[in-house]
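In: Fold the following and give me the result.
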Amino acid sequence: LPIESQFITRLADNLNAEIVLGTIRSREEAVHWLGYTYLYVRMLRNPALYGITPDESAEDSFLEQKRTDLIHSAALLLDKCNLVKYDKKTGKFQGTELGRIASHYYISHGTTAKFNQYLKPSFGLIDLFRVFALADEFKLIPVREEEKLELAKILERVPIPVKEAIEEPTAKVNVLLQAYISQLKLDGFALMSDMVYVTQSAGRILRAIFEMCLKRGWAQVARRALDLCKMVDKRMWFSMNPLRQFRGVPGDLIARLERKDFPWERYYDLNPQELGELAGMSKAGNQIHKLVHQFPKLELQVQVLPITRSLLRIELTITPDFIYDENMLGPAEAFWILVEDVDGEIILFHDVFILKRRYAEDEHVVTCTVPLYEPIPPNYFISVVSDRWLHSETRIPISFKHLILPEKYPPHTELLDLQPLPASALRNKEYEHLYSDIRHFNPIQTQAFNTLYTTDENVFIGAPTGSGK
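Out: Coordinates of the predicted model:
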């Protein structure tokens with residue numbers, strides 16, 4: 001028996017990926033692209049199976065119309081989900097940020113549309129777990145009768161409340177993800193295999209949620225989504241001791257430190273002896289001290305410069321303040337730079353900063369521009385958050401208390417009544433030859449001549465068309 005193509009079920013997602021790549025920009029190019037697929041080969045060989053009548057096949061031997069219909073339907077679906085902008089008249093495609101995220105993280109268009117619909121700026125961890133469980137990738141996970149008892153037991157042990165009933169598949173997905181983070185042991189083989197399936201997709205789906213929140217500028221929920229990504233990656237909750245993220249640290253040592261409930265920031269102030277006393281294990285003091293100072297930590301310094309009344313230039317100096325261990329961190333470590341408004345709710349700027357091993361002891365300067373709104377807020381916040389390490393964050397305020405802004409409506413430069421300069425003022429025969437068609441410079445050129453021609457100062461000239469700029 002011949003193997004038939006299942007490509008139609010995934011046509012929309014594959015079309016989106018090609019649009020994001022830039023290989024397809026219009027309906028015609030997409031129809032041509034479809035002609036290279038196995039689906040097209042099978043439609044030619046077995047047209048009846050793909051809904052093509054003998055008359056259609058005879059009239060259109062290359063199935064151009066059928067391919068156009070398929071592409072049109074897929075493009076309409078992507079347009080409805082906001083993954084692509086599709087102009088039905090011209091047939092032009094334009095990718096969107098949502099489409100790029102879906103393609104980058106292999107998320108289906110249905111899941112992306114759900115996330116886009118349900119995500120809100122006020123979401124907490126409970127809501128993020130619920131939205132994660134709604135992903136289409138998990139719609140085929142059933143709740144088996146024999147699993148309900150074990151799921152109910154796990155439900156009592158996981159820290160984040162689950163609102164749905166245990167019979168709901170979304171509740172099962174939610175519980176399994178939390179059980180994975182908590183490193184709980186499962187009894188049922190089917191439940192174990194379901195957890196593996198959920199956790200294999202968890203990393204990319206949660207990263208997609210994080211990027212969606214980031215692109216929308218939602219500071220609080222973006223931070224929570226990034227924390228959730230790291231919790232799944234490290235298999236530990238945010239409330240646990242950050243030293244859990246290092247491999248090979250004895251479990252009883254971690255347990256002793258967690259019982260103390262000592263703030264993580266204060267660990268840097270203690271010497272090896274004091275750290276040993278804190279853990280109740282004097283011999284472990286040196287090991288704890290070494291790990292604390294290998295933990296990714298950055299020092300920040302900020303300078304601000306107003307460009308206009310509504311635009312601010314920020315110069316951020318980043319200094320690594322930890323011992324870079326390549327065995328622990330690899331060749332490079334990524335950090336997110338976030339500039340937030342005074343309430344810490346809106347992200348005004350975000351970027352990724354990569355710290356490479358060979359530059360781990362150098363200062364790094366990052367420059368960015370952010371908008372400034374009236375009335376002027378007292379401050380903004382700038383944070384540098386590690387992409388992989390929980391609790392690795394530096395956050396400082398940018399105060400605007402002594403910020404001097406340009407005048408609100410600066411007057412235009414007054415045009416002086418000067419004697420027009422002759423072209424001979426250039427005092428260079430070659431330059432004068434360039435201006436052989438004019439004898440004298442106009443009033444604006446005359447006034448700006450000395451600054452432009454005899455000095456190296458920066459100059460901005462804004463003047464109407466035809467004024468000799």
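In: what's the burial count for Ala102?
Out: 30 (other CB atoms under 10 Å). For glycine as for every other residue, the C-beta is placed from the backbone atoms N, C-alpha and C.
In: Would you check how far apart it and Phe262 are?
Out: As judged by CB to CB, to the nearest Å, Ala102 and Phe262 stand 43 Å apart.
In: And Gly91, by the same measure?
Out: According to CB to CB, Gly91 stands 63 Å off from Phe262.
In: which one of the two has more residues nearby?
Out: Taking neighbours as other CB under 10 Å, Gly91 and Phe262 compare with Gly91 leading, 18 against 15.
In: Now do the contacts for the more buried one.
Out: By CB atoms under 8 Å, 6 or more residues apart in numbering, the residues touching Gly91 are 26-28.
In: Closest one of these to Val292?
Out: Nearest to Val292 among the contacts of Gly91: Ser26, at 56.8 Å, using CB to CB.
In: isn't that closest one right next to Gln94, touching?
Out: No. With contact defined as CB atoms under 8 Å, Ser26 does not count as touching Gln94 (10.1 Å).
In: Settle it for me: which of those two has more neighbours?
Out: Using other CB under 10 Å as the criterion, Ser26 and Gln94 rank with Ser26 on top: 16 against 12.
In: so Leu77 makes contact with His109?
Out: Yes. The criterion here is CB under 8 Å, and Leu77 meets it with His109 at 6.5 Å.
In: And the strands in the chain?
Out: 84-86, 93-95, 298-308, 311-320, 332-340, 347-356, 364-371, 379-386, 393-399 (DSSP state E).
In: The third one to strand 311-320, inter-axis angle?
Out: Computed by axes from the mean of the first three to the mean of the last three CA atoms, to 10 degrees, the angle separating strand 298-308 from strand 311-320 equals 170 degrees.
In: Sort out which residues of strand 298-308 are buried, please.
Out: 298, 300, 304, 306 (16 or more other CB atoms under 10 Å).
In: Check the fifth one too.
Out: Of the residues in strand 332-340, those buried under the neighbour-count criterion (16+ other CB under 10 Å) are 333, 335-340.
In: helices or strands up against that strand?
Out: Packing partners of strand 332-340 (3 or more CB pairs under 8 Å, 6 or more residues apart in numbering; DSSP states H and E): helix 219-234, strand 347-356, strand 364-371, strand 379-386.
In: what about Arg358, distance to Ala332?
Out: 10 Å.
In: Same question for Glu146.
Out: 47 Å.
In: What of Ala48?
Out: 55 Å.
In: low-confidence ranges in the stretch 51-200 of the chain?
Out: The stretch 51-200 of the chain contains no residues with pLDDT under 70.
In: one more time with 90, if that's ok
Out: 57, 61, 186-190 (pLDDT under 90).
In: how about the helices in it?
Out: Secondary structure of the stretch 51-200 of the chain by DSSP state H, counting those that start in this stretch: the helices cover 54-59, 64-80, 97-104, 109-118, 125-133, 148-157, 169-182, 189-216.
In: Most tightly packed of the ones you listed?
Out: helix 169-182 (a mean of 23; mean count of other CB atoms under 10 Å).
In: orientation of that helix relative to helix 219-234 in degrees?
Out: 70 degrees.
In: which non-adjacent residue is nearest the residue positioned nearest the centre of the chain?
Out: For the chain, the residue nearest the mean C-alpha position is Glu211 (3.7 Å; CA atoms, centre = their mean). Closest residue to Glu211 apart from its sequence neighbours, by CB to CB, 6 or more residues apart in numbering: Ile101 at 5.0 Å.
In: For the one you found, which residues are in contact?
Out: So Ile101 contacts 107, 112, 208, 211-212, 215 (CB under 8 Å, 6+ apart).
In: thinking again about what came up before, with mean pLDDT and distance to Pro169 added, can I get the helices and strands packed on strand 332-340 in JSON lines?
Out: Listed next are those as JSON lines, based on pLDDT from 0 to 100; distance: least, CB to CB, whole Å:
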{"stretch": "helix 219-234", "mean pLDDT": "96", "distance to Pro169": "19"}
{"stretch": "strand 347-356", "mean pLDDT": "96", "distance to Pro169": "33"}
{"stretch": "strand 364-371", "mean pLDDT": "95", "distance to Pro169": "43"}
{"stretch": "strand 379-386", "mean pLDDT": "96", "distance to Pro169": "33"}
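In: Good, wrapping up.
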